[in-house]
Every structure is written in structure tokens, then in C-alpha cells.
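# dropping a prediction and its sequence here:
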Amino acid sequence: MKRILLAAALGLAFAGTASAAALTYKIDPNHTDVVASWSHFGFSNPIAHFGKVDGTITYDPAKPAASKVEVTIPLDGLDSHVGDFDEHLKSADFFDAAKFPTITFKSTKVEAAGDKKLKVTGDLTVHGVTKPAVLEVNINKIGEQPMAKRAAAGFDASTTLKRSEFGIGKYAPNVSDEVKIRITTEAIVPKP
């Protein structure tokens, strides 16, 4: 009987350890940047930053398929460093931010893709249109964030999108339809 109780206790202990491997992190908007770049008539490659990112990342290093990402990007955080251009991007010519104030991404699949790499597939909603998007993700670091003294995770990701697929293709192809997206994020387990 003692052996059965001991085996059950050990089983519960290991089950608790296994489930504790998956952590949910809150995205830190102060250490997260989403950057879009495109070609402008072939002469330059302007960029725009999307700040104020909000969301969560659940990551399980032992079982990446159990991981997930949910992100909201308010368009009022859009910053190209040119005020008039920011307003044009937020206008009905492009994002129509008055009608569609946020961009969202919700993962549908997370796969291991090599050493410290993930492939994250999800539904991206821009300008009221939802399309699948695939992020190629590098795991920068998983560990304790020294200032916060809490578990943290850092990732870089990239993808390329066609803006015309989201109904914001004005001036294409002179202003490239393809937009390169680069993301860097730091996320921390919230305080209890």
C-alpha cells in the first residue's frame, strides 16, 4: 500500500512539474517593437513602427505545439517619424484607423523549427480583413528578467505580407505591395 501511495505521490509531483513548464507571459510594450518596411518607387525603403503592443505569449519549451500567441496593436501607436505621413497611413486611403483602430494576431499553430526557432501560424486581422500569416520566430532568451525578478521570454520574428490582401494596396506596385514585418518582443510573467 505504501508503494502505491508513493508511486501516486511521485506521479502527481512529476505531473505538476511538467505542467509548470508552460508559462504565460505578458508582452512588455516598452521592450516590444513591430516594424514595417516597404519599397517607395524603388528609391528608398521607409519604415513605420507600431508601438503600444498588448498581448500574451504562452510558451512551453517541452511542447511547442501547446504554445500560443495573442496580440493587439492599436493604430494610435503608429509612428513613421513623419507626422503628416502617420496621419495619411491612418486615413481611409490605408488603415482607416477611425473604423479599424487595431491590428490583431491570434496563433492557430506553433511548431518547433530547429534550434531556438519556431514557426507560428495564425490569423492576422488588418483593416477588418483576416488572413493567415506565418511568423518565423527566433527564441532570444528564456529566463529570469534581472530587473523584474520574474520569468521572462524574448523573441524576434519576421514575415512578409501583401498589403493588397488586406484592402490597403493603394499606389501598388509603385509603392511595393509586399511589406516586410520585423518584431522584437520581451514578455514577463505578470505579478501574482
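Arrived safely, thanks for sending. Note that this is a predicted model, so its numbers are computed, not measured.
# contacts, neighbours, all on C-alpha from now
Noted.
# partner strands of the biggest strand by length in the chain, with direction?
The strand that spans the most residues within the chain, counting by DSSP state E, is strand 129-145. Strand pairing for strand 129-145, determined by DSSP bridges: strand 117-126 (antiparallel), strand 150-162 (antiparallel).
# let me know whether Val110 touches Leu118 as I believe.
Yes - using Cα atoms under 8 Å, Val110 is in contact with Leu118, at 6.8 Å.
# tell me the contacts of Ala21?
60-62 (Cα atoms under 8 Å, 6 or more residues apart in numbering).
# weed out the non-buried ones from the residues you listed.
Buried members of the contacts of Ala21, scored by 16 or more other Cα atoms under 10 Å, are Asp60.
# list just the nearest of the contacts of Ala21 to Tyr25.
Asp60 (11.1 Å; Cα to Cα).
# contact partners for the closest one?
21-23, 66-67.
# any chance of TSV for those, columns pLDDT and secondary structure?
Listed next are the contacts of Asp60 as TSV, based on pLDDT from 0 to 100; DSSP: H, G, I helix; E, B strand; the rest coil:
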residue	pLDDT	secondary structure
Ala21	79	coil
Ala22	93	coil
Leu23	97	strand
Ala66	97	helix
Ser67	97	coil
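# mind listing the shared neighbours of Val110 and Leu118?
In contact with both Val110 and Leu118: Pro64, using Cα under 8 Å, 6+ apart.
# mind checking which helix or strand the residue nearest the centre of the chain is in?
With distances taken as Cα atoms, centre = their mean, Val71 lies nearest the centre of the chain, 5.9 Å away. Using DSSP states H and E, Val71 sits in strand 68-74.
# do you know the pLDDT at Val110?
On the pLDDT scale, Val110 is placed at 98.
# ranking helices and strands of the chain by mean pLDDT, which lands last?
Of all helical and strand segments in the chain, the minimum by mean pLDDT, DSSP states H and E falls on helix 2-20, at a mean of 39.
# using CSV, list the CA coordinates for the helix or strand just after that one.
For helix 2-20, the following helix or strand on the C-terminal side (DSSP H and E) is strand 23-27. In CSV, the C-alpha atoms belonging to strand 23-27 read as follows (Å, rounded to 0.1, in the frame of the first residue of the first chain):
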residue,chain,number,x,y,z
LEU,A,23,4.3,29.8,-18.7
THR,A,24,2.1,32.7,-19.9
TYR,A,25,3.9,36.0,-20.4
LYS,A,26,2.5,39.5,-20.7
ILE,A,27,4.1,41.5,-23.6
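# got a list of contacts for the helix or strand following strand 23-27?
Counting by DSSP H and E, the next helix or strand C-terminal to strand 23-27 is strand 33-37. Outside strand 33-37, the residues that touch it by Cα under 8 Å, 6+ apart are 45-51, 53, 179-185.
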